[in-house]
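> Here you go, sequence then predicted model.
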Amino acid sequence: MPKIAEIDDTPNPNAVKFTLHEPLTWGISHSYENADQASGDALASALFAIEHVSNVFYVDRWLTVTQDGGADWPELVRLIAVPLRAAPAAAAQSAASVFAARASIADLSEQDQQRLEVISELLDQRIRPSLQADGGDLHVVGLAGNYLSVHYQGACGSCPSSISGTLSAIGNLVRMIEPDIEVVAV
C-alpha cells in the first residue's frame, strides 16, 4: 500500500501531483481521460468514481489527478488519498502487463525504429524530466513518414502551455536531428 510522501500543485491549476514512498508501477505509465478507459484498472476506476475527477495519470512513484474545475482541492485531495493508499504497490504487477506496454510501437520498420529510438532518447533527456516534474508526461504514439504523433499525459494533457509552447519546443528540438519532421499532439 503506497504511502503519500508529498502533494504538490502543478502548472495546471486543475491538476495535483502525489509523490509516493512506494512505486505503483515499474516504468509503465497509465493514463486515462475518462472512467470508460480506466475500466480495467482498479485504482483509476476508484479515482474516477470520485466526483469531479476528469483525468488520472500514474507511473512509478507518482500519480497526477486532474479535476474538472468544480471541486475544492483540499476536500478532493482527502477523497483521492483513500483509494491511493489502498492501491497495490508495484511488486504485485505482472510481467505480462509490463511486456505488453513496452511493445506498443513494434510494427515500425527497422529504419523507423532506429529513428524513433534517437527521438525518444532526445525526449527522455530534454523534455520528459520537466513534464514529469510538473505531474505529466509525453507518450510517443507513432511515427509515420515525417510525422511524429505524441500524446500528453497527466497534468500536461489539459494544460494550455503544453498544447502551444511545449509542443512548439518539442518540434524545434526534434527538428535539430530531423529537419523535416512535424510533431503533432493527439
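Now that the structure is in, tell me what you want to look at. Residues are numbered from 1 along each chain as shown.
> Helix or strand: which one has the residue sitting nearest the centre point of the chain?
Nearest residue to the geometric centre of the chain (C-alpha atoms, centre = their mean): Q153, 3.4 Å. Element membership for Q153, per DSSP states H and E: strand 147-154.
> ok, what's across the strand from the nearest residue to the residue nearest to the centre of the chain once chain neighbours are set aside?
Spatial nearest neighbour of Q153, excluding adjacent residues (C-beta to C-beta, 6 or more residues apart in numbering): S31 at 4.0 Å. C-beta: built from backbone N, CA, C; applies to glycine. Residues in a beta bridge with S31, per DSSP bridges, are F57.
> any idea how far S31 is from T10?
15 Å (C-beta to C-beta, to the nearest Å).
> ok, the two, which is more surrounded?
S31 (22 against 19; other C-beta atoms under 10 Å).
> mind checking which helix or strand L116 is in?
helix 110-126.
> Count residues in the vicinity of A169, would you?
With other C-beta under 10 Å as criterion, A169 counts 15.
> How is it assigned, secondary-structure-wise?
Three-state call for A169 (DSSP: H, G, I helix; E, B strand; the rest coil): helix.
> Excluding chain neighbours, what is closest to it?
I127 (7.6 Å).
> Report the contact partners of that neighbour.
138, 166, 169-170, 173 (C-beta atoms under 8 Å, 6 or more residues apart in numbering).
> If you rank the residues you listed by neighbours, which is first?
L138 (25 neighbours).
> And that residue, how far from L76?
Distance from L138 to L76, by C-beta to C-beta: 25 Å.
> One more: Q153?
20 Å.
> hmm, back to that, please name the bridge partners of the residue nearest to the centre of the chain.
D137.
> For it, give me its contacts.
Contacts for Q153 (C-beta under 8 Å, 6+ apart) come out as 29, 31, 57, 136-139.
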